[in-house]
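S.K.: no sequence on this one, just coordinates:
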């Protein structure tokens, strides 16, 4: 039966990695926290547990390198760590269209494009 609970995306820590990668130490923490919350919320809403994977009790984790422009539009999307399952890996690719665009990053970030790794997980409870 497909009544099982699905624990969604694990994207906490994305912004901290982004700050370290860009070298921005003075960026207002409230701006970063707000942006992170927006990314986490959008990904969690748009992430789908494929019915076939759920019925077969398949779980997995993946990491995707995402590049966005200043408006939040995804300009690069590459799976850097696969789940090990074709069904879930196909879902990772489908997610790009559902989460695009992401929330625009804080204006204080200096780069025209921002790249970060987005961890995703499909876990039954």
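M.R.: Arrived safely, thanks for sending. Remember, it's a predicted structure, so these values are computed and weren't measured experimentally.

S.K.: Pretty sure residue 93 sits against residue 83.
M.R.: No - between residue 93 and residue 83 there is no contact under C-beta atoms under 8 Å: 11.3 Å. Where you see a C-beta, it was placed from the backbone N, CA and C, and this is true even at glycine.

S.K.: quick one: which of those two has more around it?
M.R.: More crowded of residue 93 and residue 83, by other C-beta atoms under 10 Å: residue 83, with 22 against 11.

S.K.: If you drop the residues flanking it in sequence, what lies closest to residue 74?
M.R.: residue 100 (4.4 Å; C-beta to C-beta, 6 or more residues apart in numbering).

S.K.: And that neighbour, how close does it get to residue 80?
M.R.: Applying C-beta to C-beta, to the nearest Å, the value for residue 100 to residue 80 is 18 Å.

S.K.: Count residues in the vicinity of residue 59, would you?
M.R.: Neighbours of residue 59 (other C-beta under 10 Å): 18.

S.K.: okay, residue 100 and residue 80: which has more neighbours?
M.R.: residue 100 (16 against 10).

S.K.: quick one: that one and residue 73 touch, right?
M.R.: Yes - when contacts are counted by C-beta under 8 Å, residue 100 is listed as touching residue 73 (6.6 Å).
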